[in-house]
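Participant: how would this look folded up:
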Amino acid sequence: MSDIIRKHIIFYGRVQGVGFRWHATNFANSAGLTGWVQNLDDGTVEMEVQGVEEKIDKLVTYLEGRSYVLIEKMECKSLPLEKNEWEFHESGW
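Facilitator: Coordinates of the predicted model:
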């Protein structure tokens with residue numbers, strides 16, 4: 001399980017009201033990733049995602065390719081793994 005990582009990512013740009021969380025959730029679940037995604041009050045989107053780094057990178061690339069999404073900046077940091085997490089879901093509002 002050493003190839004599994006967890007990342008905390010804040011997405012800046014046009015990322016709310018454009019289907020970002022819906023697309024993230026569907027792609028992440030189909031790729032076998034776990035974690036969550038939520039809108040923040042400042043207009044950013046926060047995500048914690050866990051899985052193989054290559055699949056996490058593919059998730060970000062997929063989100064960048066959505067027609068109404070415009071990711072201007074991302075802040076990313078590594079986190080400890082969550083052991084009892086089985087899916088990826090939308091959180092918050």
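Participant: How many residues are close by E87?
Facilitator: Using other CB atoms under 10 Å, E87 has 12 other residues around it. For every residue, glycine as well, the C-beta is placed using N, CA and C.
Participant: right, and it touches N26 too?
Facilitator: No: counting by CB atoms under 8 Å, E87 does not reach N26; the two are 11.5 Å apart.
Participant: In this protein, mark out all the strands, start to finish.
Facilitator: With strands called from DSSP state E, the chain shows them at 4-14, 34-39, 45-52, 70-79, 88-90.
Participant: any chance of those in CSV, plus mean neighbour count?
Facilitator: Output for those, formatted as CSV (neighbours: other CB atoms under 10 Å):
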stretch, mean neighbour count
strand 4-14, 17
strand 34-39, 21
strand 45-52, 21
strand 70-79, 12
strand 88-90, 18
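Participant: okay if I get these as CSV plus distance to E64 and mean pLDDT?
Facilitator: Listed next are the strands of the chain as CSV, based on distance: least, CB to CB, whole Å; pLDDT from 0 to 100:
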stretch, distance to E64, mean pLDDT
strand 4-14, 10, 98
strand 34-39, 15, 98
strand 45-52, 13, 98
strand 70-79, 5, 97
strand 88-90, 18, 97
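Participant: For F20, find the nearest of these.
Facilitator: strand 45-52 (5.6 Å; CB to CB).
Participant: Can you pull up the most central residue in this protein?
Facilitator: Central residue check for the chain by CA atoms, centre = their mean: the C-alpha nearest the mean position is that of M47, 4.4 Å away.
Participant: Please name the bridge partners of that residue.
Facilitator: I9, V37 (DSSP bridges).
Participant: if I read this right, it contacts A24, doesn't it?
Facilitator: Yes: using CB under 8 Å, M47 is in contact with A24, at 6.6 Å.
Participant: G92: neighbour count?
Facilitator: For G92, the tally of surrounding residues (other CB under 10 Å) stands at 12.
Participant: what's the spacing between E90 and R6?
Facilitator: E90 sits 18 Å away from R6 when distances are taken as CB to CB, to the nearest Å.
Participant: do Y68 as well
Facilitator: In this structure, Y68 lies at 28 Å from R6, with CB to CB as the measure.
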